[in-house]
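A.B. asks: Fold the following, please.
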Amino acid sequence: MKLLSAKQVQMTLPSSNSKTYLELMDGRSEELQFTQVNPTKFTVNDSEFSLKSGVTVDLEIENVELVATSEVLWPGQQVRVRGGVNGQGQPIKASAAVPVGKKMADGVQAESFLYWVIETPEGTFHNNQPIHMKGRITGLPPRNATFHSEGTIAIYDEKEDQVGTLYGCLQSN
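C.D. replies: Numbering: from 1, shown residues only. You can find the predicted model right below:
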């Protein structure tokens, strides 16, 4: 059963901070501390309601733009991350699950699946498998929320050769 009536709601997340570990194939690695360059725009789509499981709210994150200054891999140089329409060309998918009898304000599970374009001094990299982020939110936009990743994600250059991995991704809004 649809909860909303074929409407989409546009929202903006004004700021966030992120970090991730980037390890290159030669063994060099760095924990990169990112700041958000522009507000992140996203769309809240129609939601699905089930008497057994509650409401699932689907989101499309339209743009992510982050920047970090490298201290180890490329001292003093910038690493830029783009995601969404201005990154890999498609919105990033995310969702929040509100169980029966709960409200989002009570704190509910949310997840997103990130595809990044990573601009570095050594070239432009990307991931083919999404970075699966999980967290708890109490509203939309997801303020005062922290999301984290699990596992390791391979990153590739423009020729599809693996150049390294990402892990330990953390985002705080």
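
A.B. asks: pull the CA atoms of stretch 82-89 into CSV?
C.D. replies: Provided in CSV are the C-alpha atoms of stretch 82-89 (Å, rounded to 0.1, in the frame of the first residue of the first chain):
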residue,chain,number,x,y,z
ARG,A,82,31.6,13.1,-6.1
GLY,A,83,28.5,10.9,-6.0
GLY,A,84,25.1,11.0,-7.5
VAL,A,85,24.1,12.8,-10.7
ASN,A,86,27.4,14.9,-10.7
GLY,A,87,29.5,11.8,-9.8
GLN,A,88,28.7,8.5,-11.6
GLY,A,89,25.6,9.9,-13.3
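
A.B. asks: What average pLDDT does it get?
C.D. replies: Average pLDDT, stretch 82-89: 86.

A.B. asks: Pull out the buried positions in the helix or strand of the chain with the lowest mean pLDDT.
C.D. replies: For the chain, using mean pLDDT, DSSP states H and E, the weakest element among its helices and strands is strand 40-50, scoring a mean of 79. Using 16 or more other C-beta atoms under 10 Å as the test for burial, strand 40-50 gives 40-42, 44-45, 47-48. Where you see a C-beta, it was placed from the backbone N, CA and C, and this is true even at glycine.

A.B. asks: Touching the following helix or strand past that strand from outside, list them.
C.D. replies: Per DSSP states H and E, the first helix or strand lying C-terminal to strand 40-50 is strand 54-61. Residues from elsewhere that reach strand 54-61 (C-beta atoms under 8 Å, 6 or more residues apart in numbering): 3, 40-50, 83-84, 91-102, 104, 112, 140.

A.B. asks: circling back to that earlier point, could you point out which of the buried residues of strand 40-50 is nearest to residue 70?
C.D. replies: The shortest approach to residue 70 among those belongs to residue 40, at 22.5 Å (C-beta to C-beta).

A.B. asks: Which residue, other than its chain neighbours, is closest to the most centrally placed residue in the chain?
C.D. replies: Centroid-nearest residue in the chain, with C-alpha atoms, centre = their mean: residue 114, separated by 4.5 Å. Of all residues not flanking residue 114 in the chain, residue 131 sits nearest, at 4.2 Å (C-beta to C-beta, 6 or more residues apart in numbering).

A.B. asks: now swap in residue 15 and tell me
C.D. replies: residue 36 (5.3 Å).

A.B. asks: This protein: helices as residue ranges?
C.D. replies: In the chain, no helices are defined using DSSP state H.

A.B. asks: pLDDT weak spots in it?
C.D. replies: Within the chain, the segments meeting pLDDT under 70 span 1-7, 50-51.
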